[in-house]
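Student: Below are the sequence and a predicted model for it; my questions follow.
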Amino acid sequence: MTAPLSQGTLAVERMCALAGVSRAGYYRHWAASAPRQEETAVRDAIQRVALAHVHYGYRRIAAELRRAGLAVNHKRVLRLMRQDNLLCLKQRPFVPVTTQSRHGWRVVPNLARGMELTGLDQLWVADITYIRLLEEFAYLAVVLDAFSRRVVGWALETYLEARLAVAALTMALEARRPAPDSLIHHSDRGVQYACGDYTEILAAHGIRASMSRIGNPYDNAKAESFMKTLKQEEVDGRNYRDADHARSAIGTFIEEVYNRQRLHSALAYRPPAEFEAQHQAQTSAAALSPGLGLQGMRKSTVMPHDQPHSTP
């Protein structure tokens, strides 16, 4: 059980009087909330150890947590790992906890590997990550344009279901309206992307699906790189009260900071929105003057050696 938060110089009795609540009511609220906060903290610690030591089983993870000062036993760690679908990481390194690729849906080959990009809406990359809240976890699904690195669709909810990924894809389709048969959509092999609800939307818009190879995060390096940037520059160190708080803060980071302000090293230190505007302007100028070309706009290549830890 964790201790109540410090109230500074005011006593609990005085604070309750100022707030118009009884001391008994305060302690009942704390008794109900504190265990959930402690459980969330333990689950977050398990997630971090499991990702850092992908071959650790629940007994080693429990020992690691105890070394870090957490009072947990291996049975509790096993229960939480089962709830968060972490047990498979023992044999499957590099696979994020949000990916459940053991399913009966069709898995398609990797069409993005070695693909050279020359414009927008030729390749979209998608991924899902978890976001820690005060008393639970939320999940963020994103869709990026691989040429400009711009986030074109995203969704954040407290459930890890296909409709989360569908919501992000729907936002991207409404924002970009890609021409049929001009776009490849690349993702991992997770059930959210392989299921019928998702693949039917891709097929209806003439979008070809592509999936990463087994246990190889480098195939989706651009999406992994964005997730790392998001965690480092927005999520880490933040205490989101609930999903609405996280959705508002992360949405502001994506739309205002990442897409429009943050300088991207792969784009010659330009924000994605500025890069897209310049590319579109030069594309229009080149159409009017065929000899002009697209000078100054780099080509983006999806190569097998792309690393997810490269600076986005």
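Tutor: Thanks, I have the structure now.
Student: Just say helix, strand or coil for residue 21.
Tutor: Here residue 21 takes the coil state, with states given by DSSP: H, G, I helix; E, B strand; the rest coil.
Student: Kindly tell me how buried it is, as a neighbour count.
Tutor: Close neighbours of residue 21, defined as other C-beta atoms under 10 Å, add up to 12. For the C-beta atoms, the positions are set from N, CA and C on the backbone; glycine is no exception.
Student: for it, phi and psi?
Tutor: phi -130, psi 160 (degrees, to the nearest 10).
Student: How about residue 75?
Tutor: Geometry field for residue 75 lists phi and psi as phi -70, psi -40, criterion degrees, to the nearest 10.
Student: Can you give me the neighbour number for it?
Tutor: Applying other C-beta under 10 Å, we find 10 other residues in the vicinity of residue 75.
Student: Tell me how far it lies from residue 185.
Tutor: Note on residue 75: its distance to residue 185, by C-beta to C-beta, to the nearest Å, is 41 Å.
Student: Check residue 116 too.
Tutor: Taking C-beta to C-beta as the measure, residue 116 and residue 185 are separated by 17 Å.
Student: Neighbour count for those two, which is higher?
Tutor: Summary of the neighbour comparison: residue 116 and residue 185, criterion other C-beta under 10 Å, with residue 185 having more neighbours (26 against 11).
Student: For that one, which three-state class applies?
Tutor: Secondary structure state of residue 185, per three-state DSSP, is strand.
Student: what does residue 140 give?
Tutor: From three-state DSSP, the assignment for residue 140 is strand.
Student: Over to residue 78?
Tutor: Local secondary structure at residue 78 is given as helix here, using three-state DSSP.
Student: going forward, begin numbering at 50 instead of 1
Tutor: Got it, the first residue is 50 from now on, which makes the last one we talked about residue 127.
Student: list the contacts for it?
Tutor: When contacts are counted by C-beta atoms under 8 Å, 6 or more residues apart in numbering, residue 127 is found next to residue 107.
Student: Kindly report the same for residue 323.
Tutor: By C-beta under 8 Å, 6+ apart, the neighbours of residue 323 are residue 309.
Student: Check residue 74 too.
Tutor: Shown in contact with residue 74 (C-beta under 8 Å, 6+ apart): residue 65.
Student: Report how many residues lie close to residue 63.
Tutor: 11.
Student: How far away from the center of its chain is the helix or strand hosting it?
Tutor: Secondary structure here is read from DSSP states H and E; on that basis residue 63 sits in helix 61-68. Centroid separation between helix 61-68 and its chain, computed with C-alpha atoms, centre = their mean, to the nearest Å, is 41 Å.
Student: Likewise for stretch 224-232?
Tutor: Counting by C-alpha atoms, centre = their mean, stretch 224-232 is centred 23 Å from the centre of its parent chain.
Student: how far does it stretch from start to finish?
Tutor: With C-alpha to C-alpha, to the nearest Å as the measure, stretch 224-232 spans 14 Å from end to end.
Student: Buried ones in it, by neighbour count?
Tutor: Of the residues in stretch 224-232, those buried by neighbour count under the rule 16 or more other C-beta atoms under 10 Å are 225, 227, 232.
Student: quick one on the thing from earlier: and the helix holding residue 63, what does it pack against?
Tutor: Packing contacts for helix 61-68, counted by 3 or more C-beta pairs under 8 Å, 6 or more residues apart in numbering; DSSP states H and E, involve helix 72-101.
Student: could you give the mean pLDDT of the helix it packs on?
Tutor: For helix 72-101, mean pLDDT rounds to 77.
Student: what's the following helix or strand after that helix?
Tutor: Later in the chain than helix 72-101, the nearest helix or strand by DSSP H and E is helix 107-116.
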